[in-house]
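# model this:
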Amino acid sequence: MTVENNNMSGRSNESEQIDLIDLVVQLWRGKTTIIICVSIAILLAVGYLAVAKEKWTSTAIITQPDAGQLATYTNAVNVLYGQGAPKVNDIQSDVIGRFNSAFAALSETLDNQEEPEILTIDASVKGQTLPLKVTYQAATAESAQKTLAQFIQQVDEAVSKEINADLEMSIKTRESDLEHSLEAQEKVAKEQKTLRIAQINQALSVAKQANIKLPQVQQADQVSQDTMFMLGSDALSSMVNNEATRPLTFSDDYYLTRQNLLAVKALKVQPDSIHAYRYVMKPTLPIRRDSPKKSITLVLAVLLGGMIGAGVVLGRNALRSYKPKAQ
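Next comes the predicted model:
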């Protein structure tokens, strides 16, 4: 039994070896067909490479602007809000956040066009909000680099105008608040002056009724509102005349408010003095295109052509050697 099994095993191995050799021989005999299939596949691949649209990607890395790029805006904010003004770091973060949002909106708009354009913005380092990596894909390397730079500048200008518009609105609001504050303080000062004159007139009336012409007290600081008539009608009459032409009296708060108003009115911030980003890496000029890949396309064409050719050869030989079973 052992000998028979060994003989059967040997015949089986021999049969497998014969089949493998026969397969190689069949492929070799049909090498012309395989070469033709490979050649056709290569020609098709070359044709595809000739007509396929090239794609090149330019990349830039940006981060929040330097303090100097926001100096005029920061100074304006400090004038507007004084001690309540946000810190420089907060302003920088807010500005780059606006840039990120505006750039993402532009990317979405370009992607929804009839002929979509691929513009992206993502975190350059995973897990960190900054710096940001922006890319643009175009038909040529030069176009990708130039267009990406234009889009970055376009968004920067839009954000700068938006910030400047917000600042102008804040300036107008602050001016209005300060002017209303001054008006209120002036109104109070006028009312105080009117009340003061009324009090003196009342004291004058009492002094006349009491027939007091000359002061009845040694010092004026000894006189209160109720005893003001003791100054005498002559002195009170002079006080009424002088009080009517006396300038309004204001507190230090009033003059501080006026100083702030003048400073706010003098504020002028040009949009081109505000920048919403800083380059870490300017838009690159790509040296390798994204697609089509020549080498990969040709290798795949050779493999696919060889597989098709081999299939044709083996299939044809199988059909030729096929013998229907006897009934």
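# from here on, just use CA atoms for contacts and neighbour counts.
Will do.
# buried set for stretch 239-251?
Across stretch 239-251, burial judged by 16 or more other C-alpha atoms under 10 Å covers 240, 243.
# where in the stretch 151-300 of the chain is pLDDT low?
Along the stretch 151-300 of the chain, segments meeting pLDDT under 70 span 216-226, 271.
# which stretches in it count as helices?
Assigned by DSSP state H, counting those that start in this stretch, the stretch 151-300 of the chain shows helices spanning 233-245, 252-265, 294-320.
# okay, buried residues for the second one please.
Taking 16+ other C-alpha under 10 Å as the basis for neighbour counts, the residues of helix 252-265 that come out buried are 254, 257, 260-261, 264.
# quick one: list the elements packing against it.
Other helices and strands packing on helix 252-265, by 3 or more C-alpha pairs under 8 Å, 6 or more residues apart in numbering; DSSP states H and E, are helix 71-81, helix 141-209.
# phi first, then psi, for residue 116.
Main-chain dihedrals, residue 116, degrees, to the nearest 10: phi -60, psi 140.
# quick one on the thing from earlier: out of the helices of the stretch 151-300 of the chain, nearest to residue 135?
With C-alpha to C-alpha, the closest approach to residue 135 among these belongs to helix 294-320: 22.9 Å.
# which parts of that closest one are buried?
Quick answer for helix 294-320 (16+ other C-alpha under 10 Å): 297-298, 301-302, 304-306, 308-310, 312-313.
# hmm, which of those is lowest in pLDDT?
Going through these one by one, the lowest pLDDT turns up at residue 297, 73.
# got the contact list for it?
Taking C-alpha atoms under 8 Å, 6 or more residues apart in numbering, we find residue 297 in contact with residue 45.
# make it 10 Å
Residues counted as contacts of residue 297 (C-alpha atoms under 10 Å, 6 or more residues apart in numbering) are 42, 45-46, 48-49, 291.
# distance to residue 281 added to the buried residues of helix 294-320, as JSON lines?
Shown next, in JSON lines, are the buried residues of helix 294-320 (distance: C-alpha to C-alpha, whole Å):
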{"residue": "297", "distance to residue 281": "32"}
{"residue": "298", "distance to residue 281": "35"}
{"residue": "301", "distance to residue 281": "38"}
{"residue": "302", "distance to residue 281": "40"}
{"residue": "304", "distance to residue 281": "42"}
{"residue": "305", "distance to residue 281": "44"}
{"residue": "306", "distance to residue 281": "46"}
{"residue": "308", "distance to residue 281": "48"}
{"residue": "309", "distance to residue 281": "50"}
{"residue": "310", "distance to residue 281": "51"}
{"residue": "312", "distance to residue 281": "54"}
{"residue": "313", "distance to residue 281": "56"}
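# most widely separated two among those residues?
The most widely separated members of the buried residues of helix 294-320, counting by C-alpha to C-alpha, are 297 and 313 (24.1 Å).
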